[in-house]
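Peer 1: The following comprises the amino acid sequence and a computationally predicted model.
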Amino acid sequence: MKILSSLFIIILLVSCGVSKPDINETKIESNAPENLIVHGDVKIQSISTLKTDTALLIITYDFYENQNQGLLPFQDSINFRIVDFVRSNTEFEIDYDPNKKLSTDFFLKQLTYFDSLSRLESDMLEEGQLWEMESTISIVEFEKFVELDLSIWNYTGGAHGNGYASYSLISRTNGKELTLSDFITDIPTFTELAEKYFRAQNEIGEDVNLTDAGFWFTDGKFSCNENFNFADGNMNFLYNNYEIAPYSAGSISISIPIKEVKPFLKIQP
């Protein structure tokens, strides 16, 4: 297994009642390894005109290059998902735009746009504050599929910030996203196994009703979701905030040892 990771981080420090910050530093570094994964950094330091507050924006990224020469289906699929993920969290746009291609300039423009929206709101409010965002993009390559891990935490106003993480397992053959049924045989029996680990890892007794325990599973019946990956010798499921429990519960995960999962697997990680 080969791990290729891309870290996409934006840190905005709090600013209250200040004038528009100026972008005073931009730095781009990139290199293209033989495996066509481009790695680089984009950094923007935004300083208020009053010189009292700063915002440091950083993206460290990987993506598949040579888009003009054509990518393999799974590489193109990964790049498309990265573009969509970044735009949805910086432009708050989810429409498909075929002209949006990954490049070092793409990440810089997305940071600059997000910063401009934050500064606009800060100017409109008497005691506005700059937004915060921290996001990670990781690519993990397996023999038969590629795993794309995306996570985001941001604060753009309101009582608290929000975040989520998602896993996409992409077929190397055709670039399609694989589902639980593509990996697991006999899902009802597998679900019983997963519930055993869910209860144990969340300290819920075997006879305790899940609804009574504060979870939001339909009809109180445990079910696996489609947000899973393979790491650290386990098959892991992640339930994001508000998915099966209140915000105060945070994200909830299950880790099942791969040796327990192997009898069910159609595709070996």
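Peer 2: Yep, it's here. Numbers count the residues shown, from 1 in each chain.
Peer 1: Distance of the closest residue to Asn154 other than its chain neighbours relative to Thr156?
Peer 2: Excluding its sequence neighbours, the residue lying closest to Asn154 (CB to CB, 6 or more residues apart in numbering) is Met133, at 4.0 Å. Quick note: C-beta positions are derived from backbone N, CA and C, even for glycine. Distance, Met133 to Thr156, by CB to CB, to the nearest Å: 8 Å.
Peer 1: With neighbour numbers in mind, choose between the two.
Peer 2: Just comparing Met133 and Thr156: by other CB atoms under 10 Å the higher neighbour count belongs to Met133, 22 against 17.
Peer 1: where does that one fall, phi/psi-wise?
Peer 2: Note on Met133: backbone dihedrals following degrees, to the nearest 10 are phi -150, psi 140.
Peer 1: before we move on, what about the one 5 residues further on?
Peer 2: When read as degrees, to the nearest 10, the backbone of Ser138 gives phi -130, psi 140.
Peer 1: picking that back up, just to check, the residue nearest to Asn154 is in contact with Asn162?
Peer 2: No - look at Met133 against Asn162 with CB atoms under 8 Å: they stay out of range, at 10.7 Å.
Peer 1: which residues do the two both contact?
Peer 2: For the pair Met133 and Asn162, residues contacting each of them under the criterion CB atoms under 8 Å, 6 or more residues apart in numbering are 153-155.
Peer 1: So which of those residues sit within helices?
Peer 2: Taking DSSP state H, every one of these sits outside helices.
Peer 1: Need these in a markdown table (columns: pLDDT).
Peer 2: Rendered in a markdown table, the data for those read as follows (pLDDT from 0 to 100):
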| residue | pLDDT |
| --- | --- |
| Trp153 | 86 |
| Asn154 | 86 |
| Tyr155 | 82 |
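Peer 1: Any of those residues buried? List them.
Peer 2: When neighbours are counted using 16 or more other CB atoms under 10 Å, the shared contacts of Met133 and Asn162 contain these buried positions: 154-155.
Peer 1: From the shared contacts of Met133 and Asn162, which land in strands?
Peer 2: Counting by DSSP state E, these place 153-155 in strands.
Peer 1: what's the one helix or strand Glu192 maps to in contact with?
Peer 2: For Glu192, the host element (DSSP states H and E) is helix 187-201. Applying CB under 8 Å, 6+ apart, the contact partners of helix 187-201 are 180-181, 184, 204-206, 208, 222-224, 237, 253-256, 260-261, 264.
Peer 1: Stretch 64-84 now?
Peer 2: In this structure, residues lying in contact with stretch 64-84 by CB under 8 Å, 6+ apart are 6, 32, 36-38, 63, 94, 96, 100-102, 106, 137, 139, 145-146, 148, 150, 168, 170-177.
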